[in-house]
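A.B. asks: below: sequence and its predicted model.
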Amino acid sequence: MFKNNIRDYRLMRGLSQTQLAHKIGVAKSTISMYESGKREPAFEILEAIADVLNASFYDLIGKNEHDYLYGSREQNKRPLLGVIHCGDPVLSDENIEEYITIPDGIACDFALRCKGDSMIGANIFEDDLVYIRMQPEIDNGEIAAVWVDGSTTLKRFYRDGDFVELMPENPKYRPQIYTAAQLADLRIIGKAVGFTRIFK
């Protein structure tokens, strides 16, 4: 169980709750709530905890990699969106293929099925399910679902004033650059917070 695992690994590493909180950039009370089971971390915070504690991500959440990828312990359902060819990227009925069960530990609003190979450097491949948490702003270098040119794309996002670069993770593709007036037609839908590998 996560609340016990994080406490056990923290104690093994000789860290107090305050020290762990400082290392991952959260309040000490947040660590206390994790260890009491009153709250669970978002995917990216969980990754940071695993890194600081030098622990396996899967050991912390109490499951093996196979179970995680296939979602054998699942908690809730979210809409799986198909390709949005045009129009505003909203969670409307016509954009929803089905509702899917999201693996434990991933806090998201919807999932997208990946098409193409532009993000293989980030270990995201054709037909993988990417989980998106809706938010209007993200930090530079994070992977985002972005609505631009009438469709949704998944890229690393960089902004510098009126300059936006959508960076693929495959050297055979060039970055997409948007400036000034072009930004009126660009909108961050949300941040990628996890993905599930689809094996064939």
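C.D. replies: Received, thanks.

A.B. asks: which residues sit against stretch 189-200?
C.D. replies: When contacts are defined by C-beta atoms under 8 Å, 6 or more residues apart in numbering, stretch 189-200 is touched by residues 42-44, 69-71, 89, 103, 105-109, 114, 123-125, 127-135, 138, 142-147, 152, 154. Bear in mind the C-beta positions are built from the backbone N, C-alpha and C, glycine included.

A.B. asks: which of those fall within strands?
C.D. replies: Assigned to strands by DSSP state E, the following of the contacts of stretch 189-200 qualify: 103, 129-134, 143-147, 152, 154.

A.B. asks: which of the residues you listed sit farthest apart?
C.D. replies: Using C-beta to C-beta, the two most remote members of the ones in strands among the contacts of stretch 189-200 are Pro103 and Trp147, lying 25.5 Å apart.

A.B. asks: contacts only, for the closest residue to Gly121 other than its chain neighbours.
C.D. replies: If you skip the residues right next to it in sequence, Gly121 has Glu169 as its closest partner in space, 3.2 Å away by C-beta to C-beta, 6 or more residues apart in numbering. Counting by C-beta under 8 Å, 6+ apart, Glu169 touches Ser118, Met119, Ile120, Gly121, Ala122, Ile124, Arg156.

A.B. asks: again, but for Val52
C.D. replies: Remark: with contacts taken as C-beta under 8 Å, 6+ apart, Val52 is in contact with Arg13, Leu15, Leu20, Lys23, Ile24.

A.B. asks: how much space separates the first one from Lys23?
C.D. replies: Separation of Arg13 from Lys23 (C-beta to C-beta, to the nearest Å) stands at 10 Å.

A.B. asks: three-state assignment of the closest residue to Asp117 other than its chain neighbours?
C.D. replies: Counting by C-beta to C-beta, 6+ apart, Asn170 is the residue found nearest to Asp117 once chain neighbours are left out, at 5.8 Å. Three states are possible here, and by DSSP: H, G, I helix; E, B strand; the rest coil the one that applies to Asn170 is coil.

A.B. asks: which pLDDT value belongs to Asn170?
C.D. replies: According to the per-residue confidence, Asn170 scores 92 in pLDDT.

A.B. asks: same check on Lys23?
C.D. replies: Predicted confidence (pLDDT) at Lys23: the value is 91.

A.B. asks: who touches the host helix or strand of it?
C.D. replies: Remark: Lys23 resides in helix 17-24, with elements defined by DSSP states H and E. Counting by C-beta under 8 Å, 6+ apart, the neighbours of helix 17-24 from elsewhere in the structure are 10, 15, 27-28, 30-32, 35, 45, 48-49, 52-53.

A.B. asks: which helix or strand contains the residue nearest to Arg7 when sequence neighbours are not counted?
C.D. replies: Counting by C-beta to C-beta, 6+ apart, the nearest residue to Arg7 once its immediate chain neighbours are dropped is Glu35, at 4.7 Å. Using DSSP H and E, Glu35 falls within helix 28-36.

A.B. asks: having no further points to raise, I will conclude here.
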